[in-house]
Every structure is written in structure tokens, then in C-alpha cells.
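Chemist: Fold the following and give me the result.
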Amino acid sequence: MVTKRYEWVDGAKLQDHSKRKHKILREYVFDYLTVRCTLPQQERFRLAIVDGFAGGGRYQCGTVGSPLIFIEELGRASEAVNAHRVGRGLAPLEIECLLVFNDASRDAINLLQTHATPLLAGIRHTCPKLHLRVEYLQDLFEIAYPKIKVLLAQGRYRSVLFNLDQCGDRHVERETILDVMRSYPAAEIFYTFMIDSLLAFLQKNQPEQLRKRLDHLGLSDSNVQMLNGVMTRNDWLGTAERIVFDAFRLCAPYVSPFSINNPDGWRYWLIHFANAYRARQVYNNVLHENASLQAHFGRSGLNMLHYDPRHDEGLLYLFDDDARSSAKDQLFGDIPRLVGESGDAMSVMDFYESMYNTTPAHADDVHASIIENPDLEVITPAGGERRKANTIGVNDVIKLRRQRSFFPLFLKAESWLEKKE
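Modeler: So this is what the prediction gives:
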């Protein structure tokens, strides 16, 4: 698939799907920093942000691009974090961030430097506790990546956020995504691509797998170009999500296969990769705060992709109030079943790590479904019982009540065997 790069000097046009991605990215970066800087004992926090396809910084309409969004949100988050700390009688927090801006176009990098310089000067004046170092690279991302790794190694960064908003679909290798996630303990990636390209890859390299995936749509004998005509169908979105998830699920412990919500069809994917459940939790919450910017089709509780489109009825989940209501309905049954699969109890930490790669649900809805469930109780480390959803902590234990409204899985199987005998 041939794509045309942005012409930044002449004025790049801001596409609607990019506008949606930027809003999610902006709010996530702010929440990311505020979540990572909550420990009262912290005196310093260090991170690196890599924008692999940085562009020129501003679009034709004057709207800022991702590199300037990072600078702005780092400043805003730094002020918010330190205002909160001062209000609690704590010393301000020093935040150090390495920003690596790369683009294949020399014109784009020159333009970006022009736009970033006054913004960085303003940050130094208004946010004295925020220390930014910027490195500009000009190369194809895969060629620049070894240089980026050297910069990250020199600074011994553990918390690294990559923004890989490629213009097209062939500029980031799957092996590179895997290397990023394995190289840094607290790595995260925002990765953009078009579903058409993944389908083309699978059709060429795994035709049988693709045929099975598309069989229920009646498209097994069609070529990839003809798939565009059905990308507005919800069941097509569900199929595409599972293809995306299968292709990338081994790259990281937490992979969100949600599509940018486009009225004209499900074409653009913004995937979030993370090594920690907390990152996926924050990402889900940000999506709910920006309802309808991304979309999921399938189950809304746990096991979001475990449905058969030929037999089961999936729902379009747009992270809005209706979606949250349906999620709570499904979570009410899903959560006790998940706990029951481990016996009769599991720590909240184990629960989070088990479920956050398989749900689009908001954390508040998950917690409410636990507290309000007659089959569950939450036990504190001291042995007490939680009564409010917002007090649940990672050191608590979720336990099945002794008398509950469903039979344990083992007893169900045992009863079935007795009847068979």
C-alpha cells in the first residue's frame, strides 16, 4: 500500500482520525504523569518519550502535533502534580524527561525545532521543576531505532513511552515493537496502522487463517480491496479486532485492539501496548472520558473477544454511558466466574493482572460490580470487609461468599458426572 507523506513545509492537513488520536494521547500523557508521581516519598521522577514520526509540529490549521502535545502536557502535569504536593505539605517533585523527536524528513525536523524552541523556553520559565532534554533525529524510524536505544541506555531510562504514529503501515516492524516492550520494564507504545495492510499481510503469509476469520462475512474468496465495502459493519469490526489482537498479543502483556471510531468504516487502529496492568487501566479510563473516539465490538465485560459472531450477539462499545451499563451487567457474572476459576479467592493484584487485557471496562465499573455483587466480598489486609468501591486496594482479597447464587465450577462438573453415571 503506497502512502503519501505529510508535506509539512506547505502545510499538512489535519485529518479527523489524527485529531481523535491526539485528544486521547494528550489526556493520557497528563494522566500517566499524575499516576506515576503519587508517592509522597518521591523526590524525582524520570522518563523518556520517543516520537518516531514527529512531523513538523503544527498543521496547516495551526493545531499542534504530537511532539508539541508532549511538551505542553508535561508542563501542565508537572504544575498539577506539584500543586497537589504543596497542598499536602510535601516538597515539589523534580521531573526529568528525555524527548526524542525523529522524522524521515529534514524539512519536518527543521520546522519542528522552530515551533518547539519558544515552547521549551516558556516551560523553563514557568515550570522550574520540569527538566526537558530534546534530541532531534532525522531518519527512517527503523534506521533511527538503534540510535534511540543508545540514547535511552545512556540515560538508563526504565519508563519509556513510544509514539509510533506512522504515515502508512510498513514503517515499524513487529519485531521492533517486541524489542521495545522487552527492553524497558515500564515501556508503553502507541502504535497506529491501517487494518487493510494487516489483512494484506495475512492474505499473503497466512491465507488459511485469514479465510477462517472472514468466513462468517462471506468474504473468503474476496480480495483485500473488496473488504472496504463492509468495514462499516459492526461484525466486521469484531473480526478485525480479533485479527489485530492475534497479530500483536505476544508483543506485550497488555494490548488494546480498539479502532479509531470513523463513521465511514473501521480502518485506523490506535493500539496501546503496556507491560503493567495499571497502564491499561488508565488507558481504559481515558477512553471512557472521551466517549466515541474509539470503538470495540463484542463482549463488554471480561473476555471481550471471546464470542462467536456466527452465533453470539455482540455489542458496539463506544465507551459511553450505554456501553458502561452493558459492561456492568456482564461484569456482574464474569467476575465471580474468574475468581471461581482460581478456587474461592484471589488477590486484587492477581485479579487486575488476569483481567485487564480482556476488558474495555472502566475501573469504577469493575469496582462497583465487585462491591455490589452478592456472591463476592472484599477482605482487607487487616481482615475487615470493604463497603465502598473506591476503597478497594491492590493488597485486598476478592473472595466468593460461602452462600452464593451460582454453583462452583468443580461442583457443576461433579454433578454432571454423577448424572452421567
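Chemist: show me the contacts for Ser347.
Modeler: The neighbours of Ser347, taking C-beta atoms under 8 Å, 6 or more residues apart in numbering as the test, are Val394, Asn395, Asp396, Val397, Ile398. For the C-beta atoms, the positions are set from N, CA and C on the backbone; glycine is no exception.
Chemist: Now it. Its backbone dihedrals?
Modeler: Phi and psi for Ser347, reported as degrees, to the nearest 10, are phi -70, psi 150.
Chemist: so where's the stretch 1-150 of the chain shaky on pLDDT?
Modeler: Scanning the stretch 1-150 of the chain for pLDDT under 70 picks out the ranges 1-6.
Chemist: Mind jotting down where the helices sit in the stretch 101-250 of the chain?
Modeler: With helices called from DSSP state H, counting those that start in this stretch, the stretch 101-250 of the chain shows them at 106-126, 141-154, 174-183, 195-205, 207-214, 234-248.
Chemist: Any chance of the ones you listed in JSON lines with distance to Leu376 and mean neighbour count as columns?
Modeler: Putting the helices of the stretch 101-250 of the chain into JSON lines (distance: least, C-beta to C-beta, whole Å; neighbours: other C-beta atoms under 10 Å) gives the following:
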{"stretch": "helix 106-126", "distance to Leu376": "47", "mean neighbour count": "15"}
{"stretch": "helix 141-154", "distance to Leu376": "43", "mean neighbour count": "15"}
{"stretch": "helix 174-183", "distance to Leu376": "33", "mean neighbour count": "17"}
{"stretch": "helix 195-205", "distance to Leu376": "38", "mean neighbour count": "17"}
{"stretch": "helix 207-214", "distance to Leu376": "36", "mean neighbour count": "15"}
{"stretch": "helix 234-248", "distance to Leu376": "28", "mean neighbour count": "20"}
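Chemist: Out of the contacts of Ser347, which sit inside strands?
Modeler: Val397, Ile398 (DSSP state E).
Chemist: Closest one to Asn163 out of the contacts of Ser347, please.
Modeler: Using C-beta to C-beta, the shortest approach to Asn163 within the contacts of Ser347 belongs to Val394, at 28.4 Å.
Chemist: of the contacts of Ser347, buried ones?
Modeler: Asp396, Val397, Ile398 (16 or more other C-beta atoms under 10 Å).
Chemist: Roughly how far does the most centrally placed residue in the chain sit from Asp334?
Modeler: The C-alpha lying nearest the average C-alpha coordinate of the chain belongs to His272 (C-alpha atoms, centre = their mean; 3.1 Å). In this structure, His272 and Asp334 are 22 Å apart, going by C-beta to C-beta, to the nearest Å.
Chemist: can you list the weak-confidence ranges in the stretch 251-400 of the chain?
Modeler: 307-314.
Chemist: Try it again at 80.
Modeler: Residues of the stretch 251-400 of the chain meeting the criterion pLDDT under 80: 263-266, 306-314.
Chemist: What segments of it are strands?
Modeler: For the stretch 251-400 of the chain, the strands defined by DSSP state E, counting those that start in this stretch occupy 254-256, 259-260, 268-274, 294-298, 315-317, 345-347, 376-379, 397-400.
Chemist: Tabulate those strands (CSV), appending distance to Glu79.
Modeler: Formatted as CSV, these follow (distance: least, C-beta to C-beta, whole Å):
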stretch, distance to Glu79
strand 254-256, 29
strand 259-260, 30
strand 268-274, 25
strand 294-298, 28
strand 315-317, 34
strand 345-347, 36
strand 376-379, 35
strand 397-400, 37
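Chemist: Of those strands, which is nearest Arg85?
Modeler: Arg85 lies closest to strand 268-274 among the strands of the stretch 251-400 of the chain, at 25.6 Å (C-beta to C-beta).
Chemist: Between the strands of the stretch 251-400 of the chain, which one is closest to Leu199.
Modeler: Proximity to Leu199 (C-beta to C-beta) singles out strand 268-274 among the strands of the stretch 251-400 of the chain, at 11.6 Å.
Chemist: which other residues reach that closest one?
Modeler: If you take C-beta under 8 Å, 6+ apart as the criterion, strand 268-274 is touched by 17, 21, 24, 177, 180-181, 187-195, 244, 248, 251-260, 262, 279-280, 283, 294.
Chemist: Among those, name the buried ones.
Modeler: The buried subset of the contacts of strand 268-274 (16+ other C-beta under 10 Å) comprises 17, 21, 24, 177, 180-181, 187-195, 244, 248, 251-260, 279-280, 283, 294.
Chemist: hang on, the earlier thing: quick one: which of the buried ones among the contacts of Ser347 is nearest to Gly298?
Modeler: Proximity of the buried ones among the contacts of Ser347 to Gly298 (C-beta to C-beta) peaks at Ile398, which lies at 24.4 Å.
Chemist: Could you measure from Ala240 over to Tyr254?
Modeler: 19 Å.
Chemist: correction: Ile195
Modeler: Applying C-beta to C-beta, the value for Ile195 to Tyr254 is 20 Å.
Chemist: Can you classify the nearest residue to Gly155 once chain neighbours are set aside by secondary structure?
Modeler: Leaving out its chain neighbours, the residue that sits closest to Gly155 by C-beta to C-beta, 6 or more residues apart in numbering is Leu98, at 5.6 Å. Three-state call for Leu98 (DSSP: H, G, I helix; E, B strand; the rest coil): strand.
Chemist: returning to that earlier point: would you list the helices of the stretch 101-250 of the chain in CSV and tack on distance to Met349?
Modeler: What follows is the helices of the stretch 101-250 of the chain, written out as CSV (distance: least, C-beta to C-beta, whole Å):
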stretch, distance to Met349
helix 106-126, 36
helix 141-154, 28
helix 174-183, 21
helix 195-205, 33
helix 207-214, 34
helix 234-248, 24
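Chemist: of all the ones you listed, which lies closest to Tyr28?
Modeler: Of all these, helix 174-183 sits nearest to Tyr28, with 17.1 Å by C-beta to C-beta.
Chemist: how far is the closest one from where the chain is centred?
Modeler: Distance of helix 174-183 from the chain centroid (C-alpha atoms, centre = their mean, to the nearest Å) equals 16 Å.
Chemist: For that helix, give me every contacting residue.
Modeler: Helix 174-183 has contacts (C-beta under 8 Å, 6+ apart) with 142, 145, 149, 152, 160, 162, 164, 187, 189, 191, 247-248, 250-252, 273, 275.
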